[in-house]
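K.L.:
make a model of this:
(one chain, ligands or ions: 1)
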Amino acid sequence: MDIKRGDTVKVVAGNDRGKQGEVLRVIPETNRVVVQSVNIRKKHQKQAQTQARQGQIKPGIIQFDAPLSASNVMLVCPHCHEAVRVGHQRDADTGRSHRVCRNCQSLID
Ligand SMILES: [Zn+2]
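P.N.:
Numbering: from 1, shown residues only. Coordinates of the predicted model:
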């Protein structure tokens, strides 16, 4: 996966197409990402059944950012500010792999 936590991404498919946000969480196992203020779901929390749990769980509507497929988002390049495809480049000296913007060719990290 070419997306990392803290990246800014743009949603290119699905209900939230066109939205942009920061990646809060990456879930490599399912190839999903959680993006701030994207894919907002509402969950109805029921009244807790026992006295003890009533102190912990508040009934009502909870909003949360649901994971969406990483294939529905594209990285927004910090240099050219476009939603871009990502390439990889290995640094000959350190042996570390860097992400490269395919649009402006600059190193992303
Ligand atoms: Zn770029």
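
K.L.:
the residue in the chain sticking out farthest from the centre and the ion: what is the separation?
P.N.:
Computed with CA atoms, centre = their mean, the residue of the chain farthest from its C-alpha average is residue 51, at 37.2 Å. Computed with CB to the ion, to the nearest Å, the distance linking residue 51 and the ion is 57 Å. In short, each C-beta sits where N, CA and C put it, glycine included.

K.L.:
same check on residue 86?
P.N.:
From residue 86 to the ion the distance is 10 Å (CB to the ion).

K.L.:
now residue 1
P.N.:
For residue 1, the distance to the ion (CB to the ion) stands at 19 Å.

K.L.:
strands of the chain, residue ranges please.
P.N.:
With DSSP state E, the ranges of strands along the chain come out as 8-11, 20-27, 32-35, 40-45, 60-65, 68-69, 73-76, 83-84, 86-90, 97-101.

K.L.:
the ion contacts on the protein?
P.N.:
Within reach of the ion by CB under 5 Å from the ion, the chain has these residues: 77, 79-80, 101, 103-104.

K.L.:
quick one, domains of this protein?
P.N.:
The chain breaks down by automatic domain parsing into domains covering 8-76, 84-109.

K.L.:
adding distance to residue 2, write these out as JSON lines.
P.N.:
Below are the domains of the chain laid out as JSON lines (distance: least, CB to CB, whole Å):
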{"stretch": "domain 8-76", "distance to residue 2": "6"}
{"stretch": "domain 84-109", "distance to residue 2": "4"}
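
K.L.:
please identify the most buried of these.
P.N.:
Mean neighbours per residue, mean count of other CB atoms under 10 Å, is largest over those for domain 8-76, with a mean of 14.
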